[in-house]
Structure formats: structure tokens, C-alpha cells
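Q: Predicted model, plus sequence, below.
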Amino acid sequence: MKTYIPNAAAIERKWYVVDATDKTLGRLASEVANVLSGKNKPTYTPFLDCGDNVIIVNASKVKVTGKKLDQKVYFKHTGWIGNAKYATLREMLERKPVKVVEHAVRGMLPHGSLGDQMFLKLHVYEGPEHIHQAQKPEVLDF
């Protein structure tokens with residue numbers, strides 16, 4: 001008996017749209033990461049990118065639990081000496097809610113070139129509108 005390993009031509013990619021309104025950030029990110037990596041398919045292969053494309057709308061309406069709005073801190077360094085930038089989750093949700101969702105999903109994907117390839121299939125939008133109507137995305141509920 002042989003083990004089935006799909007090749008690049010045999011992988012079928014779908015498009016899904018997820019509404020992030022009132023969804024918990026971490027739970028949303030883990031479910032989206034599973035779809036991006038293809039773990040929801042029976043043909044999942046750990047060393048291949050066999051996942052689907054995911055569109056997340058209403059990223060600004062995502063919620064978190066506990067005191068994370070004030071205690072969770074995002075760090076960025078500009079590369080110049082002494083220019084470390086810190087921002088709380090509350091500040092990031094006001095200024096860049098798309099970055100918050102992307103950061104959460106990226107942390108749950110493989111770290112390396114395979115994860116980079118999977119991350120390219122994620123499309124996050126702040127409001128309810130997106131530009132991928134031609135791909136006819138299906139609604140994905142968790």
C-alpha cells in the first residue's frame with residue numbers, strides 16, 4: 001500500500017470569507033491558521049502548502065477577553081539605536097486593526113518559507129467590504 005502525497009497540480013484551493021465581528025482574536029486566528037495550512041482537509045501534508053485562501057472582514061470589530069486591551073504590548077524596532085516602539089492592543093486596534101489580526105494569525109503558522117507562503121493567502125480588511133468578489137468566496141463559520 002502506498003501513501004498518497006498530493007503534488008502542486010492536485011491541490012484544489014477554495015476561497016473563504018470570515019466575519020470577525022465579535023469573534024475572540026485568538027480563537028479566530030487559530031481557526032484561520034488551520035484553513036490556511038490545509039489542516040481541515042483529508043489531503044493535508046505537513047511539508048506542502050495545501051491550504052485555502054481566507055478573507056477576513058470587519059477586523060476592527062474583533063474582541064479580546066480579560067485585561068489584554070491594556071496589558072498586551074506590541075513591540076517594533078526601527079533599526080536605529082534607541083528607537084524601540086511599543087503599543088498596547090487598544091492603541092493598535094484604534095490605529096491598525098488589520099495588523100493585529102495578521103500578527104495573531106502569522107504567529108500560528110509555521111515559521112519559515114512555508115509559513116510565508118501560507119500567509120500570502122490571507123487577506124484582512126478593516127470594514128465589511130473586500131475586493132475578492134470575483135473569486136466567489138464561501139462563508140466560513142466556526
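A: Structure received.
Q: Identify the residues contacting residue 30.
A: With contacts defined as CB atoms under 8 Å, 6 or more residues apart in numbering, the neighbours of residue 30 are residue 108. For the C-beta atoms, the positions are set from N, CA and C on the backbone; glycine is no exception.
Q: Kindly confirm my reading that it is in a strand.
A: No: assessed with DSSP: H, G, I helix; E, B strand; the rest coil, residue 30 is helix; it does not lie in a strand.
Q: For residue 76, which residues are in contact?
A: 84, 85, 86, 87.
Q: Most neighbours of all these, which one?
A: residue 87 (18 neighbours; other CB atoms under 10 Å).
Q: Assign a three-state SS to the residue nearest to it when sequence neighbours are not counted, would you?
A: Sequence neighbours aside, residue 74 is the residue nearest to residue 87 in space, at 4.9 Å (criterion: CB to CB, 6 or more residues apart in numbering). In three-state terms, and counting by three-state DSSP, residue 74 is strand.
Q: Centre-most residue in the chain?
A: For the chain, residue 105 is the residue whose C-alpha lies nearest the centre (CA atoms, centre = their mean; 3.6 Å).
Q: Tell me, what's the model's pLDDT at the closest residue to it other than its chain neighbours?
A: Of all residues not flanking residue 105 in the chain, residue 29 sits nearest, at 4.7 Å (CB to CB, 6+ apart). Residue 29 carries a pLDDT score of 98 in this model.
Q: got the buried residues for the strand or helix carrying residue 104?
A: With the criterion set as DSSP states H and E, the secondary-structure element containing residue 104 is helix 97-106. By neighbour count on 16 or more other CB atoms under 10 Å, the buried set for helix 97-106 is 97, 99, 100, 101, 102, 104, 105, 106.
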